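return a 3D structure for these sequence lines:
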Amino acid sequence: MSLKWTTLSWNDLTKEQLYQILALRAEVFVVEQECAYLDPDDKDQEAQHLLMYNKSILVGYARIFLNLSPCVIGRVVIKESFRGKNLGRLLMEASINQVPVGKTIFISAQERLKAFYESLGFKQSKKGYLEDGIPHIPMTFCRNHATDQ
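Residues are numbered from 1 along each chain as shown. The predicted structure follows:
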């Protein structure tokens, strides 16, 4: 597998890239996880978009808000047919590396993935909650050193 990474602002996304992002997010969050919700939430315009390609296929994606305090990583997704290949870890490490050293990162993690995010250094910060019918927990991580991830 040959991965290609790109990080783009809203204005730098092509129509094709935006279509691929929205299709992947709908494929996983709306169809696979059976969450009927409006994914385009008027927040994409303020985010950095981290895209992971295998050849021409968008296999992973995350949206990163560097302009918030704490910074936020969300909409983390790996295409179903590419799971089990450590791509989720690579995607999160690349997402964390987008955040400047010394900044705190917030994620709204699916509860079932708590151990995975803890293995990356995240800690649960408050009580869990339901989001779109799925148990979630708030988690934070402070990137203290350039070598954290």
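
mind listing what the closest residue to Thr104 other than its chain neighbours touches?
Closest residue to Thr104 apart from its sequence neighbours, by CB to CB, 6 or more residues apart in numbering: Pro70 at 3.8 Å. The C-beta positions use only the backbone N, C-alpha and C, and glycine is treated the same way. Applying CB atoms under 8 Å, 6 or more residues apart in numbering to Pro70 gives the contacts 103-106, 140.

for the helix or strand bottoming out on mean pLDDT in the chain, name the packing helices and strands.
When each helix and strand of the chain is scored by mean pLDDT, DSSP states H and E, strand 129-131 comes last, with a mean of 93. The contact analysis (3 or more CB pairs under 8 Å, 6 or more residues apart in numbering; DSSP states H and E) places strand 129-131 against strand 134-142.

tell me the strands beside the strand it packs on, with direction?
Counting by DSSP bridges, the strands paired with strand 134-142 are strand 104-110 (antiparallel), strand 123-124 (antiparallel), strand 129-131 (antiparallel).

nothing else from me, thank you.
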